[in-house]
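Trainee: I'd like to go over a predicted model; first the sequence, then the structure.
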Amino acid sequence: MQALALALCALQLCPAVRGGRGGQPFLAERPQSRRLSKIDGFSWENCGNGTDPFVIKSLSITPDPIHIPGDLKVSMAVSSEVDIVTSEGGVYREKKIVDMWIKVPCVDEIGSCTYDNLCGILDNIIPPGTPCPEPLLSYGIPCHCPFKQGSYSLPTSEFYLPVIQLPSWLTNGEYHVQVVLSNGAKQLACVKVALSLHSA
């Protein structure tokens, strides 16, 4: 789940997940799937120095562009050489305006922001003591810190993104996002993502 949270932060959906309407997470599994468009522009890469203990092995998000509201398919595989007991996250986001890439500021925890306690964010999404939601439960993916070292894999799973309120400057467009996961001064992971977003 830490890996899924990292991916959601890359999409800048972390605050929305924990702040869904009525206090409920807005990302929900949709068991009845419909066919989604083929991915075109989404891309990602690990951007660490080669010594980061946490790396993403594979990541797929469709459709492209991502539609809000709409269906979202996610698959990923990650590997960690250390136990993750606590972690912080930093997100740097740029939006393409004409032919220039402009840094998106941090406003209300959306944009280029620092998150001091990702484990606490997960606890807000899924209260401690409650079972991990599907499909995490079925695939043995933990949803609370600490995360034991090892490999985790989420096969293609479909979720639904309902209508959420986003700032007007953070809706339609092309984005570059860099996410850094750390524990104090120790960098755990660095991931770069390019994606497009369309909000109705």
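Mentor: All right, it came through fine. Numbers count the residues shown, from 1 in each chain.

Trainee: Help me confirm that residue 123 is found in a helix?
Mentor: Yes - assessed by DSSP: H, G, I helix; E, B strand; the rest coil, residue 123 belongs to a helix.

Trainee: How about the backbone phi and psi for the residue lying closest to it once chain neighbours are set aside?
Mentor: In space, and not counting its chain neighbours, residue 123 is closest to residue 144: 6.6 Å by CB to CB, 6 or more residues apart in numbering. For glycine as for every other residue, the C-beta is placed from the backbone atoms N, C-alpha and C. According to degrees, to the nearest 10, the main-chain angles of residue 144 amount to phi -140, psi 150.

Trainee: what kind of secondary structure is residue 120 in?
Mentor: Here residue 120 is helix, with the state taken from three-state DSSP.

Trainee: oh, I was asking about residue 142
Mentor: coil.

Trainee: Tell me how many other residues crowd it.
Mentor: Using other CB atoms under 10 Å, residue 142 has 16 neighbouring residues.

Trainee: Would you confirm that it contacts residue 149?
Mentor: No - counting by CB atoms under 8 Å, residue 142 does not reach residue 149; the two are 11.8 Å apart.

Trainee: which element is residue 90 on?
Mentor: Using DSSP states H and E, the element containing residue 90 is strand 88-97.

Trainee: Pull out the C-alpha coordinates of that strand and format them as PDB.
Mentor: Extracted in PDB, the C-alpha atoms of strand 88-97 (Å, rounded to 0.1, in the frame of the first residue of the first chain):
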ATOM      1  CA  GLU A  88       8.100  11.300   4.500                       C
ATOM      2  CA  GLY A  89       7.200  12.200   0.900                       C
ATOM      3  CA  GLY A  90       8.100  15.200  -1.300                       C
ATOM      4  CA  VAL A  91       6.300  15.900  -4.500                       C
ATOM      5  CA  TYR A  92       7.500  18.300  -7.200                       C
ATOM      6  CA  ARG A  93       5.000  18.900 -10.000                       C
ATOM      7  CA  GLU A  94       5.200  20.900 -13.300                       C
ATOM      8  CA  LYS A  95       2.400  21.700 -15.700                       C
ATOM      9  CA  LYS A  96       2.900  22.300 -19.400                       C
ATOM     10  CA  ILE A  97       1.600  25.700 -20.400                       C
END
